[in-house]
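Participant: need a 3D model of the following:
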Amino acid sequence: MWGALESIEPLHLHNLSRGGALLEARMPLQPDSVHRLRFSYAGQVADLQARVRHVTARSTPTAHESFLVGLEFLSVPPAALEQIDRLVAANLEPPGGAEIR
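Facilitator: Next up is the predicted model:
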């Protein structure tokens, strides 16, 4: 019997750029495997594809093992690129709108 299993799990985002992301996952993903992702920010949702480039085991203080997963985006719709740009820009702004000199 042949079948497929799809798992949907929110992942903790450590780093994001137009080219990829660094995520924290509870399970390791196979390097070079390709996955569909759903990116959601500010009420907008975009689906994209990413290839796993590296996986590193990580121990946490709670003794639960997690994995840092480096992804390379393969196909990114223009709307998703705009969302990524907005999210990155929002996180670069200093708190309270203060100026950086």
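Participant: contacting residues around residue 24?
Facilitator: 11-12, 14, 58, 66-69 (CB atoms under 8 Å, 6 or more residues apart in numbering). For the C-beta atoms, the positions are set from N, CA and C on the backbone; glycine is no exception.
Participant: longest strand anywhere in this protein?
Facilitator: strand 44-59 (DSSP state E).
Participant: pull out the buried positions in that strand.
Facilitator: Buried residues in strand 44-59, counted by 16 or more other CB atoms under 10 Å: 46, 48, 50-52, 55.
Participant: not counting residues beside it along the chain, what's closest to residue 15?
Facilitator: Counting by CB to CB, 6 or more residues apart in numbering, residue 22 is the residue found nearest to residue 15 once chain neighbours are left out, at 4.0 Å.
Participant: so the closest residue to residue 75 other than its chain neighbours versus residue 13, what's the distance?
Facilitator: Leaving aside its sequence neighbours, residue 75 sits nearest to residue 49 (CB to CB, 6+ apart; 4.8 Å). As judged by CB to CB, to the nearest Å, residue 49 and residue 13 stand 17 Å apart.
Participant: if anything else comes up later, I'll come back, but that's it for now.
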